[in-house]
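S.K.: Turn this into a structure:
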Amino acid sequence: MKITEKLQKAEKEGRTFWSFEFFPPRTAQGLQNLYDRIERMRNLGPEFIDITWGAGGKNADLTSSLVQVCQETIGIETCMHLCCTEMPKEKVEWALAQAKQHGCQNILALRGDPVAGTSKWEPTPGGFTNAVDLVKHIHEHYPGDFCVAVAGFPQGHPETPEGEDAGKQEIQWLKEKVDAGAEFIFTQLFYDVNIFFNWVKRVRAAGITVPIVPGIMPIQNWEKFEKWVARENIVVPQHFYDALKPVKGDDEKVRQVGTKLVAQMCKEILANEEAGIKGLHIYTLNLEKGARMLLQELGLEGRREQIAPLPWRPSLTPHRRTESIRPIFWANRVQSYLSRTDEWDEFPNGRWGDSRSPAYGDLDGYPVSININANDAYNLWGHPETFADISNLFAKFCRGDLNKLPWSSQPPASETSVIDEQLAKMNELGYLTINSQPAVDGVSSDDKVHGWGPSGGYVYQKAYLEFFVSPELLSPLIRRIERDPRITYYAVNKQGDLRTNTHSEGPNAVTWGVFPGKEIVQPTIVEAVSFIAWKDEAFELGLQWANLYPPASPSRNLIESTMNTSYLVNIVANDFRDGMSIFEPFLLKQNSVGKVLESTTQTVNGVYEGVKEGLNGLVENVKHQINGVNDASTNGNGNGVAVDGH
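M.R.: Okay, the predicted model is just below:
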């Protein structure tokens, strides 16, 4: 969506908006860390973000990668800076083509700073001289594709000489950019609100009516504050210095005091009806805490619809904007899912039909990676030598004491806290959980834990579990599951042998929402064919974990054996009003002494005090014989319906 459309929507709804600016880091690790930070800061509810462009496009690939990930994977509307400095026309064309391909619909057109080591700006041969030339080029060659913003300077551009005439000339240049097609204005940072208000009056008096979005720089620490003030020649009111200098040696106090000073400035800006400012653009310097503290001080909270328009992050690339349904299996592996389905020919209608498309990607089309080196893995997960070591790692993750597993690069979602103890207990009993969601029965769409979608709606979820389990535990578990007609399951091993108690090949909706004036939305499903596609990746991730350890080491042998012998299982409790029914087959109340899998000779493994499980099994066998039911089903293995998984 174009930023101007977002601003119009915010104004119509009578709410303040805010946005964040980030810059490309210099290292690959820094880039990965910034992805994680932007993902977290998305939960602060910015209307959009923008990504800076290095002079001469020296960080062009990083900027383009940032824009792509933010649009495609994180699902946040992104504005890309584009400068004239050292940018020949062909490089500008490349940048615009990349932005369009990634679904970026917003460009901030800038002249840029002089080349490093020089004091005077010089145009690049065959390039553009001023931002207005860039604005004209974008509108001429990409009509309707981009919303173009330009920069405004409340204190005057650093190269503009002092004096009234020079100030008038600068406003005239701003008007030329707007007349050429610029649709809104970002301002340079400032700390004196009177200077800003006077500049806004002069801008409006010149006939410039497009929205103005003031640039706000939180005060992170004394050194950075002094650096930016000197670098940009910023006028700072005396009361800022009076408050900051006494605490300048204490970064935390500088941030606290600075937050209150900047917040008060923002309140004055937003309260000034004559200026008519509706939102704020926060220069984050790639830091999270300062922006978070400022929004908290201002009492600004993101809307649920902005933070979570769906229970998963919608992609904003052109061919995926209509996507409305996804399988739940890739909930913690978004990039993998997006890559695998990128060329799926049945995708553009946004619905999930028959996933047997020949374009549904397999492992050959997307390299599976757990994205961690051996040393980091050892620090996180140690050197497990027994199955109990592995199950304890999974239990720690569910309780929030471990931030990452091979199947999830992020800590558990907030809604997992509702069932974290049940999940931890499952892992202690030998069921290694890699994905889950609790049941939800008509919670408000504005709920901070479970809510998603437009305000005024209600959301629902069936309880869902996905886990690895040994064959010895699987057989009695399936017998218990099949006693409850409310529960459906799929179980598949690495070789593709599939067991299930459902004969339907269609999708089972496990998340849906009901909203005013809309049809029922069902954005998350469980579906057999996609589960088979996912299982290859799930087992491969485990084997990659094993391969981080030396050959023939106890840890490598243990993890390899676990992956090669386990089944991957998903179960759905279709009665969404009974949130705990999904855990009943696991008999979580049994004594922890019943931890199993250490002995593969036990088939019941001490479940439910051992003897009772055996008696129940005998009763079930008698029932089947009496009713003439062949408990071996289609393959004689006594474990439900077998389906060819190859």
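
S.K.: going forward, measure contacts between C-alpha atoms and count neighbours the same way
M.R.: OK.

S.K.: Residue 555: neighbouring residues, count only.
M.R.: Burial measure for residue 555: 24 neighbouring residues, criterion other Cα atoms under 10 Å.

S.K.: Give the bridge partners for residue 460, please.
M.R.: Taking DSSP bridges as the rule, residue 460 bridges to residue 441, residue 512.

S.K.: my read: it touches residue 439, true?
M.R.: Yes - counting by Cα atoms under 8 Å, residue 460 does reach residue 439; the two are 7.4 Å apart.

S.K.: Among the two, which residue is more densely surrounded?
M.R.: A count of neighbours by other Cα under 10 Å puts residue 439 above the other of residue 460 and residue 439, at 28 against 23.

S.K.: Would you check that the more buried one makes contact with residue 576?
M.R.: Yes - here residue 439 lies in contact with residue 576, judged by Cα under 8 Å, at a distance of 5.3 Å.

S.K.: residues touching the spatially most central residue of the chain, list them.
M.R.: For the chain, the residue lying nearest the average C-alpha position, counting by Cα atoms, centre = their mean, turns out to be residue 74 (4.0 Å). Contact criterion Cα atoms under 8 Å, 6 or more residues apart in numbering gives 39, 313, 314, 315 as the residues in contact with residue 74.

S.K.: what's the answer for residue 191, then?
M.R.: 234, 235, 236, 237, 262, 265.

S.K.: Restricted to buried residues, select those in PyMOL.
M.R.: To isolate the buried subset of the contacts of residue 191 in PyMOL, counting by 16 or more other Cα atoms under 10 Å, use the following:
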select buried, resi 234+262+265
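
S.K.: Might you list the low-confidence residue ranges for the chain?
M.R.: Scanning the chain for pLDDT under 70 picks out the ranges 55-58, 114-119, 343-366, 590-646.

S.K.: Now do the shared contacts for residue 439 and residue 576.
M.R.: 460, 461, 462, 463.

S.K.: quick one: the helices in the stretch 451-600 of the chain?
M.R.: Counting by DSSP state H, counting those that start in this stretch, one finds helices in the stretch 451-600 of the chain at the ranges 471-481, 528-547, 554-565.

S.K.: what angle sits between the first one and helix 554-565?
M.R.: This means helix 471-481. Calculated by axes from the mean of the first three to the mean of the last three Cα atoms, to 10 degrees, helix 471-481 forms an angle of 40 degrees with helix 554-565.

S.K.: All further residue positions should be reported with the first residue as 835.
M.R.: Shifting the count to begin at 835 puts that one at helix 1305-1315.

S.K.: Distance from helix 1305-1315 to the middle of the chain?
M.R.: Using Cα atoms, centre = their mean, to the nearest Å, the mean C-alpha position of helix 1305-1315 is found 35 Å from that of the whole chain.

S.K.: what do residue 1294 and residue 1273 both touch?
M.R.: Shared contacts of residue 1294 and residue 1273, defined by Cα under 8 Å, 6+ apart, are found at residue 1410.

S.K.: in the helix or strand residue 1003 falls within, what's buried?
M.R.: Assignment of secondary structure by DSSP states H and E places residue 1003 within helix 998-1013. Neighbour-count burial for helix 998-1013 flags 1001, 1004, 1005, 1006, 1007, 1008, 1009, 1011, 1012 (criterion: 16+ other Cα under 10 Å).
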